[in-house]
Structure formats: structure tokens, C-alpha cells
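Enquirer: Structural data only, the sequence is not supplied:
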């Protein structure tokens, strides 16, 4: 019996018809398998880990920066995660499982760390959190350039200055190298012709980040990054609910209000102001949610057997939210641990 290492919802690109659909993935010690809807549903395919290679990031999918590939000979799985943290966790565990399988040893999870030259070791994920920190992080601004408005961006020179003053990097050359690694891991995205041109054409991967005031970048999960520059009126995006910092995101099952069927949705929870939005995870454009509501004043609870939604026989893994407008939302997590994480995050903001 294979040990299950990780499981959850990811979005997969079709092999014959190149559409994107959410699938339930299960990583075990020898295989990565995916199912139509969940572990109890039909198994749709699998790939052996012994000879597999994981490609991340996949720079050819410029509008889907959370994509990674699992390649075994002529068979390729193209997979999209719900967040950078989720992408990195899956990639790390798949690579570790494959390495352990080839070495004929038991799976052992290790921490994810990156190195930058010989100057110092750096945890890119920790640095990304510091860059986003509202108190010590980099300031995001709007830049008008050539009749376009680039929103929530920052210049390459500003990133270099921040890395030297706050990030502990000793020289501008090392800061450019660090910026290139953040870019290479798709934690940052180039915006505008100068930054995009360098990222595409520079052969030295340590010099793809520009220390220039006119070279613009944004965070991959920025609400204004859609994979292409836009000068459209973003008034719908600048609504109150999108101002907050993302505190948690991921895929959950959600029950429909008109029909009692369940569909996989990507949920994004923000604070200050506290809002929860949900999206179709298979869509490329994450600017326009399918729905959302303010968390303040909501009643949030784990389900019990006395108030199950229509068609449900078990309260296990269910989350129940009643909004201030008395609208009921029912969601289902992939595991008890995931449900607890969502409940804690939601209750902190209500």
C-alpha cells in the first residue's frame, strides 16, 4: 500500500482538448494520480515518479504563472496550483518523492531553501513575504507610461534598494541576482516593454532583472496582473473588497445557490477590509470573481449533523457561513486539517 504524501485540487490542462479543468490530485510514494472530482470518483490518469522530471516555473505559460509540468518520457502533465505557496509545496514534494524512489529510500520531507551565489543562503518565500509586508515591504505605485497606466507596480531600482536596505543583500550586483531568482521562480512578473524584453532575451538567468527606474515589476498575485499589460478602466477591480492583503487562498468545493450541485472554486480571503471572493479556477483571467462578500459580521462554523445542506449525508469537512444579509454559503475542504485552517483564518476576520 503506497503512502499518500499530498492530495488536493489542482487545475490540469487537457491532453487532447487543451482546456483547463480542476481535478483531484493524489501524490503517493511511486505515482502522481488524478481523479475527476475527488478520491471517491473515477481515476482519470497517473504518472510514475521513478523517471519523472518536474519543470517549474513554466515560462511559456506567461498568463498562468502558477503552472508546473510533470514529465515522464513522452507523457506530460501540465498542472496549475491556486497559489505560489501551493505550487512550491507540490513541486518540492514531487521532486523529493522521485528522488527518494530512485535512491530506494523512504520519503522524507525537507524544507525548501534557495541559494544565491556564495554570498549567503536565502529563503525566497520568506523574502517574498517581507516584500509584501505592509510595514516594511516595498511600496506599490501606479506608473503612467506611453498612454498606459501600470497599477500596483514597483521599479527594478526600488527592489534593489529594498534588498540592500531591508533584505540584507550586500551589493547591487547581488541584489540583481536575487531579483532574477524571484523573477525566475515567478514570484515577480515583468510589466512593460523594458522589463519584459530583458526577461525574454537575456541569456544569463542571473541578469534578467533590471536595476532601472523604468523597468517595472509586480507581484504575481497582484489583482492587476492578468498576463498582459492593460490600460483599461479597472474600476471593478478597485472595489472596496480588493484593497486588502491576501491572507489565504485555495480551492474548496462550493454548493450552488440555485442548484444544489457542488463545484470546485478558488477562494481568496483578504483582510483590511475583510472579504472573501471565489473564482472559477480553470479560467485564465482572475480579475472578475463569480461572487464574494464582506466577512465582517458573518457567522462562521463547522457543520454539525443537525443542519446539513440539501443532499449531504455527512458533516465531515463542511464549512458554513451566514452573511450579514442572511445568505448561507456551504463549502467543503479537502481534509480536516485544511478545514481547520480555513475556519481559523475566517474567524480571525469576522
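Expert: Yep, that arrived. Worth saying up front: this structure is predicted, and the values here are computed from it rather than measured. Residues are numbered from 1 along each chain as shown.
Enquirer: pLDDT below threshold where in the stretch 101-250 of the chain?
Expert: Applying pLDDT under 70 to the stretch 101-250 of the chain flags residues 109-122, 223-241.
Enquirer: which stretches of it form helices?
Expert: Using DSSP state H, counting those that start in this stretch, the helices of the stretch 101-250 of the chain run over 124-132, 156-165, 172-184, 192-201.
Enquirer: Tell me the backbone dihedrals of the closest residue to residue 295 other than its chain neighbours, please.
Expert: Closest residue to residue 295 apart from its sequence neighbours, by Cβ to Cβ, 6 or more residues apart in numbering: residue 274 at 4.0 Å. (Each C-beta comes from the backbone N, C-alpha and C, glycine too.) The phi/psi pair for residue 274 (degrees, to the nearest 10) reads phi -80, psi 110.
Enquirer: Distance of the nearest residue to residue 202 once chain neighbours are set aside relative to residue 167?
Expert: Leaving aside its sequence neighbours, residue 202 sits nearest to residue 208 (Cβ to Cβ, 6+ apart; 4.6 Å). Distance, residue 208 to residue 167, using Cβ to Cβ, to the nearest Å: 18 Å.
Enquirer: next one: residue 332
Expert: Residue 332 sits 40 Å away from residue 167, taking Cβ to Cβ as the criterion.
Enquirer: one step back: correct me if wrong: the residue nearest to residue 295 contacts residue 350.
Expert: Yes - Residue 274 is within contact range of residue 350, at 7.2 Å (criterion: Cβ atoms under 8 Å).
Enquirer: Residue 127: how many residues sit nearby?
Expert: Residue 127 has 22 neighbouring residues, counting by other Cβ atoms under 10 Å.
Enquirer: So what's the residue count around the residue nearest to it when sequence neighbours are not counted?
Expert: The spatial neighbour of residue 127 that comes closest, neighbours along the chain excluded (Cβ to Cβ, 6+ apart), is residue 167 at 6.1 Å. Residues near residue 167, counting by other Cβ under 10 Å, number 20.
Enquirer: Give me the phi and psi for residue 167.
Expert: Dihedral pair for residue 167: phi -80, psi -10, per degrees, to the nearest 10.
Enquirer: dump the residue contacts of the spatially most central residue of the chain.
Expert: Residue closest to the average C-alpha location in the chain (Cα atoms, centre = their mean): residue 83, at 0.9 Å. Taking Cβ atoms under 8 Å, 6 or more residues apart in numbering, we find residue 83 in contact with 66, 221, 249, 250.
Enquirer: Switch those over to CSV; also include neighbour count.
Expert: CSV is the format used below for those (neighbours: other Cβ atoms under 10 Å):
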residue, neighbour count
66, 23
221, 18
249, 19
250, 21
